[in-house]
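Enquirer: Turn this into a structure:
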Amino acid sequence: MKRKEILEKIENNVIGNIYRFFYSLMPRKYRDFCENQFKYADIKIPEGIYFGFLILYGIILGSLTFLFVNLMDLSLLLKIVIPLGVFSVFEILFHYIIVMVGDKRAKITEEILPDALKLMSSNIRSGLTPDKALMLSARPEFGPLEIQIRKAAKKSLSGESIGDALKIIPKNINSNVLERTIKLIIDGISRGGDLSDLLDGIAEDISRTRILKREIRAQVMMYSMFIFFASAVGAPILFSVSGYLVGIMAGFGDKVNLEQVPNTGMIKLNIGGLKVSQSFLNTYSIVSIIVTSIFGGILMGTLRGGSEKEGIKYIPVILLIGLIVYFISKLVIGNLFTSITI
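Expert: Numbers count the residues shown, from 1 in each chain. Here you go, the predicted structure:
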């Protein structure tokens, strides 16, 4: 059975209606976001089917996790946090896939945009009208941009002005560079500028900007490495050391006999046992490492890619390394100080 027939079956049967029902319960802003991301990713299935599937199975997965953790000897906080975490990770992961597909298409478009502009400029210089030059600039090697250029060219050839036709190009591609480029071209046409010179100038500016971004990315590499080391190595080691020291202090506080300390009246000592359990310290450290990994990854993505979304792919790596470093350093510290009894 072909994929199209399978999708039509799902869309028209009871399961498809269930997916759409769960999707319809979501806020309007969320549905607008999903619609835009599907448009940018150029996915043909209805967004209500996909995101309704994610919502329904995310709830099922979170509920099964909740039932499973209730069979374990865990604190009430963990019994609530773990199912919510599983649900959140499931939703974020599959939403992130759609967002990244759209961003990938935008990056491909920005990479080949100068070549497309130069090709259109050379077509105009060869004597073709702008609408025909636009049509001949739609090359298969231009990927997502080729589809949008072809749509704009067809609209222009059907009688619309070249300015109105060009407005179609950035609609299905989530690229600020492409949107600003089209605005510049439309403004140049409306002011009566030489279109071929304008296209060449914009293409040159985009190429220079791309080179400049690469140089900036190379310069901030050191900052990214520092953030990665601090989030994945430094913070877990500090948490393991501090947790061990707090445990030692709690043990000393229980063993100190203040009645044997002479009261001189000069200094009033008020030392009591620290009521902090080791399980609480472990839970606090792990939660702190997770939060540090999330914000560290977002910060790295902002520095390296100029967008918070770029940092999502760094979060699992930082989190995994951070947890491994935490448990290993905790084990090493425990073996080094076995002579200290608590």
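Enquirer: Quickly find the element holding the residue nearest to residue 232 when sequence neighbours are not counted.
Expert: Computed as CB to CB, 6 or more residues apart in numbering, the closest residue to residue 232 that is not its neighbour in sequence is residue 321, at 4.2 Å. From N, CA and C alone the C-beta is placed, and that goes for glycine too. Applying DSSP states H and E as the criterion places residue 321 in helix 315-336.
Enquirer: Which strands and helices lie in contact with that helix?
Expert: helix 235-255, helix 278-305 (3 or more CB pairs under 8 Å, 6 or more residues apart in numbering; DSSP states H and E).
Enquirer: As JSON lines, those with mean pLDDT and mean neighbour count would be great.
Expert: Output for the helices and strands packed on helix 315-336, formatted as JSON lines (pLDDT from 0 to 100; neighbours: other CB atoms under 10 Å):
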{"stretch": "helix 235-255", "mean pLDDT": "75", "mean neighbour count": "17"}
{"stretch": "helix 278-305", "mean pLDDT": "84", "mean neighbour count": "18"}
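Enquirer: can these go into CSV with extra columns for distance to residue 224?
Expert: Below are the helices and strands packed on helix 315-336 laid out as CSV (distance: least, CB to CB, whole Å):
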stretch, distance to residue 224
helix 235-255, 16
helix 278-305, 5
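Enquirer: right, so of the ones you listed, which gets closest to residue 26?
Expert: When the helices and strands packed on helix 315-336 are compared by CB to CB, helix 278-305 sits nearest residue 26, at 23.6 Å.
Enquirer: and the angle from that closest one to helix 235-255?
Expert: For helix 278-305 against helix 235-255, the angle by axes from the mean of the first three to the mean of the last three CA atoms, to 10 degrees is 160 degrees.
Enquirer: Count the neighbours of the residue nearest to residue 197 when sequence neighbours are not counted for me.
Expert: Spatial nearest neighbour of residue 197, excluding adjacent residues (CB to CB, 6+ apart): residue 121 at 7.9 Å. Residue 121: 22 surrounding residues under other CB atoms under 10 Å.
Enquirer: The helix or strand containing residue 121 - contacts with which helices or strands?
Expert: Following DSSP H and E, one finds residue 121 within helix 76-125. When contacts are defined as 3+ CB pairs under 8 Å, 6+ apart, helix 76-125 packs onto helix 28-41, helix 47-69, helix 130-136, helix 144-157, helix 176-190, helix 195-219, helix 278-305.
Enquirer: Same list, those, but as CSV with distance to residue 237 please.
Expert: Listed next are the helices and strands packed on helix 76-125 as CSV, based on distance: least, CB to CB, whole Å:
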stretch, distance to residue 237
helix 28-41, 39
helix 47-69, 29
helix 130-136, 59
helix 144-157, 45
helix 176-190, 40
helix 195-219, 28
helix 278-305, 11
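Enquirer: So for residue 226, which of those helices sits nearest?
Expert: Closest of those to residue 226 is helix 278-305, at 10.0 Å (criterion: CB to CB).
Enquirer: about what we covered before: for the helix holding residue 321, buried residues please.
Expert: Within helix 315-336, the residues that count as buried by 16 or more other CB atoms under 10 Å are 315, 318, 319, 321, 322, 323, 325, 326, 329, 330.
Enquirer: Just checking the distance from stretch 113-125 to the centre of its chain.
Expert: Distance of stretch 113-125 from the chain centroid (CA atoms, centre = their mean, to the nearest Å) equals 34 Å.
Enquirer: re the thing from before, the residue nearest to residue 197 is in contact with residue 201, isn't it?
Expert: No - between residue 121 and residue 201 there is no contact under CB atoms under 8 Å: 9.3 Å.
Enquirer: which stretches of this protein have low pLDDT?
Expert: The chain contains residues with pLDDT under 70 at 1-13, 250-276, 337-342.
Enquirer: quick one: which of the buried residues of helix 315-336 is nearest to residue 96?
Expert: Ranked by distance to residue 96 (CB to CB), the buried residues of helix 315-336 are led by residue 315 at 10.0 Å.
Enquirer: tell me, how many neighbours does residue 111 end up with?
Expert: 14.
Enquirer: With residue 110 instead?
Expert: Residue 110 is flanked by 19 other residues according to other CB under 10 Å.
Enquirer: And for the one 5 residues further on?
Expert: In terms of burial, residue 115 registers 16 neighbours under the definition other CB under 10 Å.
Enquirer: I'd like to know how far it sits from residue 142.
Expert: 8 Å (CB to CB, to the nearest Å).
Enquirer: so what's the residue nearest to residue 233 when sequence neighbours are not counted up against?
Expert: Nearest non-adjacent residue to residue 233, counting by CB to CB, 6+ apart: residue 325, 5.5 Å away. Residue 325 makes contact with 232, 233, 236, 237, according to CB atoms under 8 Å, 6 or more residues apart in numbering.
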